[in-house]
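**Q** Here's a sequence, model it:
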Amino acid sequence: MACMPKVSVIIPCYNQGVYLKEAVDSVLAQTFQDFEVLVVDDGSTDVETVKILEEYKRPKTRIIHTDNQGLSAARNNGIHEAQGDYILPLDADDKIGKGYLEDAVRILDQYPEIGIVYCEASYFGVRGGRWDLPEYSLDKIMNHNVIFCTALFRKADWEAVGGYNVNMVYGWEDWDFWLSLIHRGRKVYRIPKIYFYYRLREISMVHTMDEEQRFFMRLHACLNHRDLYRSIADIEIHSRVAELYLDTGIGFSPHQVLRQIIFADQTVIEFDLSGFRGIKQIRFDPINAPATIHLKGIRIIEEDGTSHEIEDFQSNALYR
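**A** Purely as a prediction, here's the structure:
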């Protein structure tokens, strides 16, 4: 009887056959080899992708064909068939560094209280460079997602929380899922090495999400985990959100944004930028809804305690 693999790598694929080899190769090149790869064909219609998947034969790799159900369902379908104790989702157009599984498995084996292991990351594709995600903290992830999808977790935890929420249809399923594991009491660990490579393309599902969709998904995630929010702080689910977008040389991106929940009587909003380097531009969205706001000033406080007012800025407010 064959031994079950320790790790199952789940790769949903919808019309992304052109990138699949690079993603799978990055898994097959791991220093830790006790794994399986499950490629979930989420009802691909692209002729090239269909042909690639029909003929696909790689070591340790299985293909699962399903109707098109969306990313969350594709991951759930793959994890349902997975034999490993640990799960690593990987999008078909991304890749991982060769030491990722080895380091992450060691952490999960040694520390049963840890339920999410991720790493540092870099961009590749149309642009390169380090992805400067803020360091994880409970306060930060309660306001916005700071963990990308390609993190290891236990299949038992996925089963306990009911998997990925298929109603998170605009790309916020990761944040919702991490909140579920954190609510379950799982700790988070970030490996201080770059092991994840996120492909930047000209078109991205997350980049094309409009403000109404963003607000709906944030609200949906908060409502899904209202007990978690209530257990940690006195946060009103219907409070608004302020956002600070950062350009570190690749343009404004949803992958480099800080969020704060704000209240009607709040007079100061503070953002910690110490986790970001090479900031070129900042875009401040003071509230994610129509409102009348009196912006009294913008102040930058340096690490040495000195501060200065920002006077050179542009406003796109409807009335000024």
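
**Q** Quick one: classify L246 as helix, strand or coil.
**A** Classification of L246 by DSSP: H, G, I helix; E, B strand; the rest coil places it in strand.

**Q** per-residue pLDDT, it?
**A** What the model reports for L246 is a pLDDT of 74.

**Q** quick one: the strands in the protein?
**A** 7-13, 35-42, 61-66, 86-89, 95-96, 114-125, 129-131, 153-154, 187-200, 240-247, 257-262, 281-285, 299-301, 307-309 (DSSP state E).

**Q** With respect to burial, which of those strands scores highest?
**A** strand 7-13 (a mean of 26; mean count of other CB atoms under 10 Å). No exception for glycine: its C-beta is placed from N, CA and C like everyone else's.

**Q** hmm, who's touching that one?
**A** 20, 23-24, 27, 32, 34-42, 44, 49, 53, 71, 74-75, 78-79, 82-92, 101, 105, 152, 155 (CB atoms under 8 Å, 6 or more residues apart in numbering).

**Q** out of everything not next to it in sequence, what's closest to D285?
**A** Spatially, and ignoring its direct neighbours in sequence, D285 is nearest to E243 (4.3 Å; CB to CB, 6 or more residues apart in numbering).

**Q** Run a quick check on that neighbour versus Q256, I expect a contact.
**A** No. Contact criterion CB atoms under 8 Å: E243 and Q256 do not qualify, at 11.0 Å.

**Q** what pairs with the residue nearest to D285 across the strands?
**A** Note on E243: beta-bridge partners R259, D285, judged by DSSP bridges.

**Q** and the residue nearest to Y100 when sequence neighbours are not counted, how far is that from E113?
**A** Once flanking residues are discounted, Y100 sits nearest to Y195: 3.7 Å by CB to CB, 6+ apart. To E113, Y195 is 22 Å away according to CB to CB, to the nearest Å.

**Q** Under the pLDDT cut-off, which ranges of the chain? List them.
**A** Applying pLDDT under 70 to the chain flags residues 1-2, 170-171, 203-216, 230-241, 253-255, 259-267, 287-296, 313-320.

**Q** so how far is I63 from E55?
**A** 10 Å.

**Q** now S307
**A** 57 Å.

**Q** Check V27 too.
**A** 14 Å.

**Q** Surely A23 and L88 touch.
**A** No. Applying CB under 8 Å as the test, A23 and L88 come out as separate, 11.5 Å apart.

**Q** Go ahead and confirm F153 touches I87.
**A** Yes. Using CB under 8 Å, F153 is in contact with I87, at 5.7 Å.

**Q** Tell me which residues are up against stretch 120-137.
**A** 95, 140, 146-148, 188, 190-202, 248-250, 255-256, 258, 272, 275-277.

**Q** Please repeat the previous calculation with a cut-off of 6 Å.
**A** Here stretch 120-137 makes contact (CB atoms under 6 Å, 6 or more residues apart in numbering) with 140, 146, 188, 190, 194, 196-201, 250, 275-277.

**Q** Show me the one of the strands of the chain that comes nearest Y229.
**A** Taking CB to CB, strand 257-262 is the member of those nearest to Y229, at 9.1 Å.

**Q** Could I get the contacting residues of C119?
**A** 191, 193, 195-196.

**Q** What spatial separation is found between A23 and Y123?
**A** Counting by CB to CB, the gap from A23 to Y123 is 15 Å.

**Q** I meant to write L90 there.
**A** 16 Å.

**Q** got a list of what A104 touches?
**A** A104 neighbours (CB under 6 Å, 6+ apart): 117, 152.

**Q** for the chain, what spans make up the helices?
**A** 17-28, 47-54, 71-81, 100-110, 138-143, 155-161, 173-183, 211-224, 226-232 (DSSP state H).

**Q** Now do the first one and strand 35-42, the angle between them.
**A** Spelled out, it's helix 17-28. Angle between the axes of helix 17-28 and strand 35-42 is 160 degrees (criterion: axes from the mean of the first three to the mean of the last three CA atoms, to 10 degrees).

**Q** Can you give the contact residues for helix 17-28?
**A** By CB under 6 Å, 6+ apart, helix 17-28 touches 9, 11, 13, 37, 48-49, 52, 58, 90, 92-93, 95-96.
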